[in-house]
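Undergrad: predicted coordinates and the sequence they were generated for:
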Amino acid sequence: MRYFKLKVLLTINNEARLSGILTETDFLNESEVVSERTVHNTSVGTEGDRWTWDSRNVLYVIKNQLKFSDKEVRDVATTELVTVTKTTSVSECAKKMKKSKIEQIPVIDFEGELVGLLRAQDLIKALVDLDE
């Protein structure tokens, strides 16, 4: 996802048909935040004194990490998909994306095979190109 700068992964079945979509939100919902706390004493006390009034400086460091689930993609991916075809107009794609509150929508052909992925930025570029 990071390499291609995408916020989704598309899944296909054995027949090369689109079967699901895995979003950043799906990843986060299936992940767990693991916190690790360390304590560092940075004070220098008075040597040899059993009791002292020296102040103490303590530094607490908390490190949060995201631990991803070991679940399989098919158990996490959304299977109720909103799609468009290669012949869907730019305005219709934009309407579908707005209605479904999504930023990326899979493009399929008439046989249901995955053709590509349309992003909101692709729509904006297409609209700008139409005006030129």
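TA: Perfect, thanks for sending it.
Undergrad: could you check the pLDDT of the spatially most central residue of the chain?
TA: In the chain, the residue lying closest to the centroid (CA atoms, centre = their mean) is residue 24, at 1.8 Å. For residue 24, the model assigns a pLDDT of 86.
Undergrad: from residue 24, how far out is the residue nearest to residue 109 when sequence neighbours are not counted?
TA: Closest residue to residue 109 apart from its sequence neighbours, by CB to CB, 6 or more residues apart in numbering: residue 115 at 5.3 Å. In short, each C-beta sits where N, CA and C put it, glycine included. Distance from residue 115 to residue 24, counting by CB to CB, to the nearest Å: 23 Å.
Undergrad: show me the contact partners of stretch 111-126.
TA: 6, 8, 10, 12, 16-18, 84, 86, 90, 93-94, 97, 103-109 (CB atoms under 8 Å, 6 or more residues apart in numbering).
Undergrad: list buried residues within those.
TA: 8, 10, 18, 84, 90, 93-94, 97, 104-108 (16 or more other CB atoms under 10 Å).
Undergrad: can you list which of these are found in strands?
TA: Secondary structure from DSSP state E places 8, 10, 18, 84, 104-108 of those in strands.
Undergrad: okay, and residue 124 sits in which element?
TA: helix 120-131 (DSSP states H and E).
Undergrad: what about that helix, distance to the chain center?
TA: Computed by CA atoms, centre = their mean, to the nearest Å, the separation of helix 120-131 from the middle of its chain amounts to 24 Å.
Undergrad: tell me the buried residues in it?
TA: Judged by neighbour count (16+ other CB under 10 Å), helix 120-131 contains these buried residues: residue 123.
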